[in-house]
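Chemist: I would like the atomic coordinates for the input below:
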Amino acid sequence: MKAVYSMEELVRTHVLLPRPLVEAVDQLVGQRRRSRFVEDAVAEKMVRERQRQALRALKDGSGALNPADYPHWATPEQTSQWVHDLRRQADAQTTRKLRRTHDTPSA
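Modeler: Below you'll find the model as predicted:
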C-alpha cells in the first residue's frame, strides 16, 4: 500500500526507533528511502488496526441493529412468518396490478 502525499501535506515528526530496526530498514530499502518505508508501514498498520476495531465493534454489538426495532427477527419462527407475510403482501399487490392490466380495455 503506497501512500502518496504532496510536500505541503507532510509533517516532520520525531520518532525513536531501535538502532537495529533502523539499520535493517536501511539495508532493505536504503537510507534515502527510509521515510517512505516507515510511511508505508504505518499506513498498513493503520488499515489493520481499523479493521480490528471494526471487528471488535461487531462482536460487541456496536453498530448492529437494535433488536427492539426488529421484534419479528427474535426467533427463526417469527422471522419465517414475517417473510411469509411479506411475500403474501407482494403476491396480493401483483395480483391487483395484473387484474388492472387485464381489466383495462385495449386501444
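Chemist: so, low pLDDT: which residues of this structure?
Modeler: Scanning the chain for pLDDT under 70 picks out 1-7, 61-64, 104-107.
Chemist: domains for it, by residue range?
Modeler: 7-60, 69-103 (automatic domain parsing).
Chemist: kindly reformat these as TSV containing mean neighbour count.
Modeler: Quick note: C-beta positions are derived from backbone N, CA and C, even for glycine. Shown next, in TSV, are these (neighbours: other CB atoms under 10 Å):
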stretch	mean neighbour count
domain 7-60	10
domain 69-103	10
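Chemist: okay, helices next: where are they in the chain?
Modeler: 19-29, 34-60, 76-103 (DSSP state H).
Chemist: between those helices, which gets nearest to Pro67?
Modeler: The closest of these to Pro67 is helix 76-103. By CB to CB, the value is 11.5 Å.
Chemist: how far is stretch 75-87 from where the chain is centred?
Modeler: 28 Å (CA atoms, centre = their mean, to the nearest Å).
Chemist: alright, I will stop here.
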